[in-house]
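**Student:** got a sequence here, can you model it:
(chains A and B)
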Amino acid sequence: MKLWKRLMCTARRRSPWLFHMNSGSCNGCDIEIVAALSPRYDAEQLGVRLEGSPRHADILCVTGPVTQKAVGAVKTVYDQVCGPKAVIAIGSCPATTNVFIDSRTLVGPLDKHIPVDVFVPGCPPRPDAIIAGVAKAAGILAERGNNPPLTEIAIAAAGPAAPKEVQP
Amino acid sequence: MNLITALARLLIFPGLLFAVPAAWFFLWVERKAVALMQQRVGPPFMQPFFDFVKLLGKTTPPRPGIAGALMRAWPLLAVSSAAGAVGLLPVLPSSGGFEGDLILLLALLELPSICIIAAGFSSRSLFGEIGSAREAALSVSYNIVFLLAIVSIATSQRTFRLEALAQMHPSFLTALGIVAIVICLPAKLHINPFSLPNAEQEIYAGPMTEYAGPELAMWELAHGLEWVAGTGLVATLIAPHVTAAWLAGCIFVALAFATVLLLSVLAAATARLAIDSTVRFYWQATLIFAILAISSAILVRFRS
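**Tutor:** Numbering: from 1, shown residues only, chains lettered A, B, ... in the order given. Predicted coordinates for the structure are as follows:
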């Protein structure tokens, strides 16, 4: 039983499948996610696969500052991902709403709506920072197992910028 | 074939004990070959195994009623029929078999794709239904060629017994049939250029869109076992007849590996065709050769 748990832990760390969700992003971060899977950075070495369906995914990658139109979809897709799951907020937009702060069409940042495990700041972040964030999220998945996510924990994957509370 | 040899073939070699690691190995070879063709490093060796274990540990959404029971049953049926197809392959010399086991093998090879069609419709997902409809259209188009090719080989050898087909002497006619089978394999395994049913990102994940956790793990395993069965069929048909069991096993694995490599390189080098181009390809381009093969097989049989 202990051996099976250790095997499961390793398998979760080594096989993170991503689902990519755009919540009103300018497409900058989305291009960088694709770049992380391209031959130059090759995230498949870590076992990463970009999945077509949220049911298959372990890690939800959200880009964009969460617009009013997108917030319902973000919550639905988060519920559709089967546990154990982790969420990565890619770019400065889901972390702080970035330059769109105080816009009346936004309801961000992301962690007001779903629990976020890893923040990858940057506008856009570099592909290697995204891969570092995925590796960190996979480690969190392996440790957490089937326990529910702790909402207050948020970790910066790369770079010094930590997410701050945004005043509405 | 008595009960003990049948069980040994189903459970040990070339059945489950050999076929499941071979399925993971072939899935890895496919991904690695695609990665090398794109100048990437690609996934580590144990990747399909880790994917399988991880999927077993994931939760599934609650699905009450008949639909949920069906959604759990289809992947298991697909895995067992694909494993049964691998177990029927006459890999080792004088390993038994019975008259007409070729027909059973064809039925078992066809069952996973019928399961996929049913699975997409029973998941009630729009994308699953589109994927299932595509799978059905694809199945209708490649199966004519596939069955005609196998029947032409069987007609030229005058038997439906797999072991006799594995020992046949190579001729131009059988070579034509084997080429036709290889042309049909990418469609049977849903890889490029015929990856229409599970068209990644285009219709989400096709029939598999709603499947999660252990069910998805079983689908991945069924796909791997289909690889072993499809390439294994080609390998047994082209393998030379040897009497030593270990040598026959080694030749089988090497030939199946070569077929996997060929199909993966083809998948990496091509893009997905649209459904009408696919159907046209099989009905117009390859059907002519399949009809030529079967008519010449029948002619040769009447002359001799």
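**Student:** how about the helices in chain A?
**Tutor:** Using DSSP state H, the helices of chain A run over A:2-14, A:28-37, A:71-80, A:92-96, A:127-144.
**Student:** so of those, which one's packed in deepest?
**Tutor:** helix A:92-96 (a mean of 27; mean count of other Cβ atoms under 10 Å in any protein chain shown). C-beta here means a position set from N, CA and C on the backbone, and glycine is covered the same way.
**Student:** what's in contact with that one?
**Tutor:** Residues lying outside helix A:92-96 but in contact with it, judged by Cβ atoms under 8 Å, 6 or more residues apart in numbering or on different chains, are A:23-26, A:29, A:62-66, A:89, A:98, A:100, A:108-111, A:116, A:119, A:121-123, A:161, A:163-164, A:166.
**Student:** residues in contact with residue B:240?
**Tutor:** Contact criterion Cβ under 8 Å, 6+ apart gives residue B:251 as the residues in contact with residue B:240.
**Student:** surely it is within a strand?
**Tutor:** No - note on residue B:240: no strand contains this position according to DSSP: H, G, I helix; E, B strand; the rest coil, which reports coil.
**Student:** and the gap between it and residue B:100?
**Tutor:** With the distance defined as Cβ to Cβ, to the nearest Å, residue B:240 ends up 25 Å from residue B:100.
**Student:** now do residue B:154
**Tutor:** Residue B:154 sits 10 Å away from residue B:100, going by Cβ to Cβ.
**Student:** for these two, indicate the residue with more neighbours.
**Tutor:** residue B:154 (21 against 12; other Cβ atoms under 10 Å in any protein chain shown).
**Student:** on that earlier part again, mind checking which of the contacts of helix A:92-96 are in strands?
**Tutor:** A:62, A:63, A:89, A:119 (DSSP state E).
**Student:** list the contacts of the helix or strand containing residue B:83.
**Tutor:** Under the criterion DSSP states H and E, the helix or strand holding residue B:83 is helix B:65-88. The contact list for helix B:65-88, computed with Cβ under 8 Å, 6+ apart, reads B:9-11, B:14-16, B:19, B:62-63, B:97, B:101, B:104-105, B:108-109, B:111-112, B:115-116, B:118-119, B:122-124, B:162, B:210-211, B:215-216, B:218-219, B:221-222, B:225-226, B:228-229, B:232.
**Student:** buried members of those residues into ChimeraX, please.
**Tutor:** Filtering these down to the buried ones (16 or more other Cβ atoms under 10 Å in any protein chain shown) takes a single ChimeraX command:
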select /B:9,10,14,15,16,19,63,97,101,105,108,109,111,112,115,116,118,119,122,123,162,210,211,215,216,218,219,221,222,225,226,228,229,232
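**Student:** filter the contacts of helix B:65-88 by proximity to chain A?
**Tutor:** The subset of the contacts of helix B:65-88 lying close to chain A, counting by Cβ under 8 Å from any Cβ of the partner chain, consists of B:210, B:211, B:216.
**Student:** count the residues that sit near residue B:299.
**Tutor:** By the other Cβ under 10 Å criterion, the neighbourhood of residue B:299 contains 11 residues.
**Student:** do residue B:272 as well
**Tutor:** Residue B:272: 17 surrounding residues under other Cβ under 10 Å.
**Student:** residue contacts, residue A:51?
**Tutor:** For residue A:51, the contacting residues are A:17, A:18, A:19, A:57, B:205, taking Cβ under 8 Å, 6+ apart as the criterion.
**Student:** ok, residue B:57 touching residue A:7?
**Tutor:** No - with the criterion set as Cβ atoms under 8 Å, residue B:57 and residue A:7 do not qualify as a contacting pair; they are 9.2 Å apart.
**Student:** joint contacts of these two?
**Tutor:** Between them, residue B:57 and residue A:7 have no joint contacts when contacts are counted by Cβ under 8 Å, 6+ apart.
**Student:** flag the shaky bits of the chain, pLDDT-wise.
**Tutor:** Here I'm looking at chain A. Residues of chain A meeting the criterion pLDDT under 70: A:146-168.
**Student:** chain B was what I was after
**Tutor:** Per-residue confidence for chain B (pLDDT under 70) gives these ranges: B:1, B:94-95.
**Student:** show me which residues of it are close to chain A?
**Tutor:** B:31, B:35, B:38-44, B:46-47, B:49-51, B:53-54, B:57-61, B:127, B:200-201, B:203-205, B:208-213, B:216.
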